[in-house]
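Q: structure, please.
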Amino acid sequence: IQEKSDVVLIERNGKTARHASNRLDCLVIQDEGNNLAALEEAGIAKADAIICVTDSDEINMITCGLASTRNPNILKIARVRNPDYAKLGNTETPVLGIDYLVHPDVEAAKAIIRAIEHGALGDIHSIADTPFELGSIDVAGDSAFAGKTIREFRVLAGVECLVTLIERQEECIIPTGKSVIEAGDRIHVIAREKDLGGIFELSGRKTKSIKRIGIVGGGRIGSLVLEGLSGDGFRKRTPLGKILSLFKPQTMKQVVVIEKDYLVCKDISARFPDILVINEDISDEGFVDEEGISDLDLVVTTTENQELNMIAALYLKKRGIERAVALVNGGGYTGIARSLGIDVVVPLKTVVVDSILSHLMGGGVKSVHRVADGTVEVLELELASETPAVGSLLSALKLPDGSLVMLVTRGGDSFIPGGDCVFTGGDHVVLIVKKGGEADVERVFGNGK
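A: Numbering: from 1, shown residues only. As a prediction, the model looks like this:
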């Protein structure tokens, strides 16, 4: 809607439909998504895409099939949680003609594993097929960066890096070289993976080897995190092993799972015989003392109750566990959880929406990642030969306010561009833009498709 797209929402729940109708500038139809008459009323015959995100995998997949009977060329995206469906969605042949299957649990597990690999010091976003990553860092009062300009930051860091965004209270700042970093700021820095740890330390966050990890909640996401942390041999034997095999976790000495459901514990013990599984309720204060889990280096809370995830993470941090990662449902809880002291917050709905938007964006956009509670987007684009930016100097381009080119990959070589960078066809460009400026960015870097 913000990009001026013509959107129609089909929602069966009357209360939800009325709420959406009052908030969103789009047509809302109260009906079942797999009702062909409702799809026709929504204009499915002329639609460019259909996105099915109900709570039922089967309804989502069937609805995509119904849509294709009226519009064979429509782009079809379905949200699924069944791991067998997710596995099929990563084969060469589309399942039931569906173009993309989005698996929320896998997306969340990937985000959690990335955080673990970097010591849970902050949110980490990997830039595909490059050695660079975008890390978010909270600047402590005793940080070497506090009070320094962006130019001084790069000198102090001593490596190729760039501050791409400054979050200061309710304000998001796309910085210039003269911008000053203040204590309490949350900065987003792009740098090579091997250099991020040193930048974190200079910001006042000390890195620590993660040897003992506690996972609270052994359900779908908790199990996927375990699978991602397991050895390559195990991952190759599991349904989602291929999806998670891109991770190369650091060596872990011990993983402990805390789960109150006995049957879930029994299943995890059978699948992961080398880890300790404790059948207890994390909210039981006496249990923490009895089991002696306060010597863990990191706790990851992945239950289906986001309030419990936040409370458990905070409680265990107060009991001596230095780092905590918490799973929440929506992005609205992200800022709250961070302000309370949780090191990394993974909003389930946000990672899913990012995945969906990555498939919907035109103009050569390959992926979308939202930061700063969704008010800023990181776009990855591939430049076609007819792209307006091709042949132009970066300094000569008229980019919208609130945007910044962060990284260029050309012929396998990735670099942070200066003003003298001349773009060529085939360049892979990563940039950051405040919400509302996407259309202007696509006019410069898009291919018009």
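Q: so where is the protein shaky, pLDDT-wise?
A: Counting by pLDDT under 70, the ranges of the chain that qualify are 86-94, 206-208, 231-253, 288-292, 331, 362-364, 447-449.
Q: rerun that using 50 as the cut-off
A: For the chain, the stretches with pLDDT under 50 are 232-252.
Q: contacting residues for the most centrally placed residue in it?
A: Centroid-nearest residue in the chain: Val351, 4.1 Å away (criterion: Cα atoms, centre = their mean). With contact set as Cβ atoms under 8 Å, 6 or more residues apart in numbering, Val351 has these partners: 104, 107-108, 110-111. Every residue, glycine included, has its C-beta placed from N, CA and C.
Q: assign it to helix, strand or coil.
A: What DSSP: H, G, I helix; E, B strand; the rest coil gives for Val351 is helix.
Q: tabulate the contacts of Val351 (TSV), appending secondary structure.
A: Output for these, formatted as TSV (three-state DSSP):
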residue	secondary structure
Pro104	helix
Glu107	helix
Ala108	helix
Lys110	helix
Ala111	helix
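Q: from the residues you listed, pick the one nearest Thr149.
A: Ala111 (31.5 Å; Cβ to Cβ).
Q: separation between the closest one and Val352?
A: Computed as Cβ to Cβ, to the nearest Å, the Ala111 to Val352 distance reads 11 Å.
Q: more neighbours: which of these two?
A: Ala111 (23 against 19; other Cβ atoms under 10 Å).
Q: check contacts around that one.
A: Counting by Cβ under 8 Å, 6+ apart, Ala111 touches 346, 351.
Q: how near is it to Gly198?
A: Distance of Ala111 to Gly198, given as Cβ to Cβ: 23 Å.
Q: if you skip the residues just before and after it, what's nearest to the residue nearest to the centre of the chain?
A: Using Cβ to Cβ, 6 or more residues apart in numbering and skipping residues adjacent in sequence, the residue nearest Val351 is Glu107, 4.3 Å away.
Q: do the same with Gln306
A: Excluding its sequence neighbours, the residue lying closest to Gln306 (Cβ to Cβ, 6+ apart) is Val328, at 4.3 Å.
Q: what sits against the one you found?
A: 306, 309-310, 334, 337, 345-348.
Q: I'd like to know how far it sits from Arg168.
A: Distance, Val328 to Arg168, by Cβ to Cβ: 23 Å.
Q: now do Phe287
A: Phe287 sits 40 Å away from Arg168, taking Cβ to Cβ as the criterion.
Q: would you map the strands across the stretch 51-200 of the chain?
A: Listed in chain order, the strands found in the stretch 51-200 of the chain under DSSP state E, counting those that start in this stretch are 75-79, 100-102, 124-126, 132-138, 161-168, 171-173, 186-192.
Q: which among those strands is found nearest to Gly219?
A: With respect to Gly219, and counting by Cβ to Cβ, the nearest of the strands of the stretch 51-200 of the chain is strand 75-79 at 17.4 Å.
Q: list the strands paired with that closest one, with their directions.
A: Within its sheet, strand 75-79 is paired with strand 49-52 (parallel), strand 100-102 (parallel), according to DSSP bridges.
Q: closest to Asp31 out of the ones you listed?
A: Asp31 lies closest to strand 49-52 among the strands paired with strand 75-79, at 13.7 Å (Cβ to Cβ).
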